[in-house]
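Asks: no sequence on this one, just coordinates:
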């Protein structure tokens, strides 16, 4: 994290794309925001809790940074009473920065490729649980009970267990 602190005074845009972990929670806090130059913008497309939202509001209100692009917030949806809504130098999007039609069309292939890289193999025919996930993604609706049961049966065989889906995305 010392490298981040050293680099923060340099960029015009600080774009956050890291996962939320114990180490990255409130990675961008009052100290980090204070290290950014006044003309810099913070862009958060990762997880809301990577940024100390109270510190961000204070930095923006005091114009210690030029602005922010926020696709995620600590609590979603962002409360109507949040001062972020009224700041003209803040762009808020509805947690959809990563969503594109091309991504939706290819999400299962991306998953297979990523799993292959993780396990160091080329994945062939996916386990039934992956088929359940694929069917759910393509249908963009409720998951049939039989697919959920079939997915759970793969647990011991290294299948990917999809989360329950309760409605359209």
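Replies: Sure thing, it's come through. All of these numbers come straight from a predicted model, not from anything done at the bench.
Asks: Chain neighbours aside, what residue packs nearest to residue 20?
Replies: Of all residues not flanking residue 20 in the chain, residue 47 sits nearest, at 3.7 Å (C-beta to C-beta, 6 or more residues apart in numbering). Using the backbone N, CA and C atoms, a C-beta is placed for each residue, glycine as well.
Asks: number of nearby residues for that neighbour?
Replies: Using other C-beta atoms under 10 Å, residue 47 has 19 neighbouring residues.
Asks: Report the contact partners of the residue lying closest to residue 87 once chain neighbours are set aside.
Replies: Among residues not flanking residue 87 along the chain, residue 60 sits closest, at 5.6 Å (C-beta to C-beta, 6+ apart). The neighbourhood of residue 60, defined by C-beta atoms under 8 Å, 6 or more residues apart in numbering, consists of 67-68, 84, 87, 89-90.
Asks: between these, which has the most around it?
Replies: Result: residue 68 is most packed of the contacts of residue 60 (other C-beta under 10 Å), 23 neighbours.
Asks: In three-state terms, how would that residue be classified?
Replies: Assigned with DSSP: H, G, I helix; E, B strand; the rest coil, residue 68 falls in the strand class.
Asks: Can you give me the buried ones in stretch 26-44?
Replies: By neighbour count with 16 or more other C-beta atoms under 10 Å, stretch 26-44 contains the buried residues 27-28, 32-33, 35-36, 40-44.
Asks: With stretch 2-14 instead?
Replies: Neighbour-count burial for stretch 2-14 [16+ other C-beta under 10 Å]: 8, 14.
Asks: so how far is the first residue of it from its last?
Replies: Using C-alpha to C-alpha, to the nearest Å, one end of stretch 2-14 lies 16 Å from the other.
Asks: Identify all contacting residues around that stretch.
Replies: The contact list for stretch 2-14, computed with C-beta under 8 Å, 6+ apart, reads 27-28, 31-32, 35-37, 39-43.
Asks: In strands, which of those residues fall?
Replies: 41-43 (DSSP state E).
Asks: doesn't residue 30 make contact with residue 55?
Replies: Yes - counting by C-beta atoms under 8 Å, residue 55 touches residue 30, with 4.0 Å between them.
Asks: how long is stretch 59-79 from one end to the other?
Replies: OK, stretch 59-79 end separation, C-alpha to C-alpha: 19 Å.
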